[in-house]
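Chemist: everything below, folded, please.
(4 chains)
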There are 2 protein chains.
Amino acid sequence: MTQRSDRSAMHEKMAPALNILRILSHPVRLSILCHLVEQAEMSAGEIVALHAPLASQSQTSQYLKRLRDEGLVNARKDGLYVYYSLARQDIRELVATLHDLYCPEA
Amino acid sequence: MTQRSDRSAMHEKMAPALNILRILSHPVRLSILCHLVEQAEMSAGEIVALHAPLASQSQTSQYLKRLRDEGLVNARKDGLYVYYSLARQDIRELVATLHDLYCPEA
DNA sequence: ACATTATATTAAAATTATATAATTTAATAT
DNA sequence: ATATTAAATTATATAATTTTAATATAATGT
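Modeler: Have a look, this model is predicted:
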């Protein structure tokens, strides 16, 4: 095992954390996840409304797709509506830590 | 206070967390911070050596500048050497959480 | 079948982040 | 003074992400 592969290994070990950090590094994606920590389930429309007019329907749908694709949220379709919910406990914990550190009460 | 400014306010409230997330979303910057959580102080040269050849001296110096500019690390100059250390407790806590969630032991 | 509403997709343009390469500053020693 | 080493800076190129705009799909009701 060479030095180089050691360092690659170090970086590979960080890959899951880096991936999550990148996903959370966007105001709307982070906001969606924050809301889903407190709300259990929200329809796509509610999520769009929550972020309009800062983010368009198309944009928000794209953010939701990213979160789906990465396995961070579940999507449940009911008729015309799609309901989103958090799919992973680690996101709950990470968002809680961020809240503690960067969203002081009062 | 309009709806729009409410939403801006929501996003502004997230700004500090977002800023930290973006800074941590890079393999070498995250790695540097991880090492400084465990090491207290490291010289620029040690940090460069730790990440070569994946990151050049110039790159690593740029990452350190970013961390300095953002106030995440302290730089102490001693002769030819510059010693870096963590400047903020929140980084320690955040890195610890990331470690717990994404770096399972063994 | 058609209209309506909710949601999703796609492609191009714009923006931002990162890498590369060359150069520079600063401290020390000869 | 000049050579050497550590570290930082700058400009440019490249790559990744995000925004925008237009369009498409899918479910429901008339």
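Chemist: where does chain A come near DNA strand C, residue by residue?
Modeler: A:43-45, A:48, A:57-58, A:61-62, A:64-65, A:75, A:80-82 (CB under 7 Å from any atom of the strand). Every residue, glycine included, has its C-beta placed from N, CA and C.
Chemist: again, only this time at 6 Å
Modeler: A:43-45, A:57-58, A:61-62, A:64-65, A:75, A:80-82 (CB under 6 Å from any atom of the strand).
Chemist: the residue nearest to the spatial centre of chain A: helix or strand, and which one exactly?
Modeler: In chain A, the residue lying closest to the centroid (CA atoms, centre = their mean) is A:Leu33, at 4.7 Å. Taking DSSP states H and E as the criterion, A:Leu33 maps to helix A:27-39.
Chemist: and the strands in chain A?
Modeler: Under the criterion DSSP state E, strands of chain A are mapped to A:42-43, A:73-78, A:81-86.
Chemist: could those strands be laid out in a markdown table, adding mean pLDDT and mean neighbour count?
Modeler: Output for the strands of chain A, formatted as a markdown table (pLDDT from 0 to 100; neighbours: other CB atoms under 10 Å in any protein chain shown):
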| stretch | mean pLDDT | mean neighbour count |
| --- | --- | --- |
| strand A:42-43 | 98 | 18 |
| strand A:73-78 | 97 | 13 |
| strand A:81-86 | 98 | 17 |
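Chemist: can I get the ones you listed in TSV with distance to chain B?
Modeler: Shown next, in TSV, are these (distance: least, CB to the nearest CB, whole Å):
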stretch	distance to chain B
strand A:42-43	15
strand A:73-78	17
strand A:81-86	14
